[in-house]
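>>> predicted model and sequence below, questions to follow.
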Amino acid sequence: MDREELLSATPEDSGEPKKQESPLLSLEKDLEFYADAIKEVAIEIMVEGISAHPIFIAHQHEVKLGEIILNREELNTDWTIQASTLEEFVEKGIINKEKKEQFLKVYKKPENFMCVFVIVPEGANFIYYPYKKSKN
């Protein structure tokens with residue numbers, strides 16, 4: 001599955017260089033805001049036996065992958081977050097079956113980090129964002 005299949009709409013490119021701050025700055029702000037909800041969903045995915053490897057998709061377009069859990073339009077934020085799993089990423093060919101073991105070697109503990117597949121017009125990549133340490 002390629003990028004065009006995942007994204008049903010991409011912004012028009014005027015060909016002019018854009019002088020705006022990185023969208024990743026707003027992503028970090030949104031991930032901080034969403035962290036508790038994302039962690040709750042990750043734990044639910046693991047406890048219910050759906051997957052031991054939850055993956056969250058952060059995007060600003062429409063993406064045909066996973067299930068929407070946090071909608072940017074409803075929450076007045078910059079990024080929509082969808083919940084998925086390693087199994088769905090392999091099934092859809094985003095993670096090559098032959099690369100699954102390699103991916104698992106770098107996959108961080110889902111109790112401590114959210115695995116986020118960030119999709120921007122220039123491409124997509126995985127990041128690991130730490131959950132806040134709980135203050136007891």
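Arrived safely. Numbering: from 1, shown residues only.

>>> in this protein, which helix is the longest?
Assignment by DSSP state H gives helix 23-47 as the longest helix of the chain.

>>> for that helix, buried residues please.
Buried residues in helix 23-47, defined by neighbour count with 16 or more other CB atoms under 10 Å: 23, 27, 30, 31, 34, 38, 39, 41, 42, 45, 46. From N, CA and C alone the C-beta is placed, and that goes for glycine too.

>>> could you do stretch 68-84 as well?
Those would be 69, 70, 72, 77, 79, 80, 81, 82, 83, 84, for stretch 68-84 by 16+ other CB under 10 Å.

>>> thought the fourth one was touching residue 30?
Yes: applying CB atoms under 8 Å, one finds residue 77 in contact with residue 30, separated by 4.9 Å.

>>> does the most centrally placed residue in the chain have beta-bridge partners, and which?
In the chain, the C-alpha nearest the mean C-alpha coordinate belongs to residue 57, at 2.2 Å (CA atoms, centre = their mean). Beta-bridge pairing of residue 57 under DSSP bridges involves residue 82, residue 117.

>>> from what I can see it touches residue 66, true?
Yes: contact status for residue 57 versus residue 66: in contact at 5.4 Å, counting by CB under 8 Å.

>>> strands of this protein, start to end?
Ranges of strands within the chain are 54-59, 67-70, 80-85, 113-120, 123-130, based on DSSP state E.

>>> quick one: which of those strands is nearest residue 99?
Among those, the nearest to residue 99 by CB to CB is strand 123-130 (11.7 Å).
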